[in-house]
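>>> sequence plus the predicted model coming up.
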Amino acid sequence: MAKHPKFEVTKRTNGEFQFNLTASNGETILSSEGYKAKDSCLNGIESVRKNSQDSTLFEKKESANGKFYFNLKATNGQIIGTSQMYASAASRDNGCESVAKNAADAEVEDNS
């Protein structure tokens, strides 16, 4: 089992693959969409590694219920990952920094 931080690849009940990026404390900090093919999911991980190093690609949002979250976008504008919900904007911003810091060197653990 890989240590944290890591990208964990899993298979959903509908057969799609997804990944979660966890921080060094084991908390999930970014989750992907569902992918029909595992190769596409692995390409998504590489996209997170690359795009998380550009702070302008983090789209900071506030939900209707007043919680904060972010999307990480690729340079083509496609969302490649979404964060958990945060109670404050400052916590959300720390989450963005955590993704940028942890994604580059995170191991991939395939649990699909």
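Everything's here; your move. Residues are numbered from 1 along each chain as shown.
>>> CA atoms for contacts and neighbours, from now on please.
Will do.
>>> let me see the ranges of the strands in the protein.
Here the chain has its strands, by DSSP state E, at 6-11, 17-22, 28-31, 58-62, 68-73, 79-82, 107-110.
>>> report the central residue of this protein.
Leu30 (2.6 Å; CA atoms, centre = their mean).
>>> can you count the residues close to Glu55?
Not Glu; residue 55 is Ser. Look at Ser55: counted by other CA atoms under 10 Å, it has 12 neighbours.
>>> over to the one 5 residues further on?
Residues contacting Lys60 under the criterion other CA under 10 Å number 16.
>>> relative to Phe7, how far out is it?
Note on Lys60: its distance to Phe7, by CA to CA, to the nearest Å, is 22 Å.
>>> sorry, back to before: out of the strands of the chain, nearest to Val99?
strand 28-31 (6.7 Å; CA to CA).
>>> out of the strands of the chain, which is closest to Ser88?
Per CA to CA, nearest to Ser88 of the strands of the chain: strand 68-73, 6.1 Å.
>>> mind giving me the packing neighbours of that closest one?
helix 38-51, strand 58-62, strand 79-82, helix 89-103 (3 or more CA pairs under 8 Å, 6 or more residues apart in numbering; DSSP states H and E).
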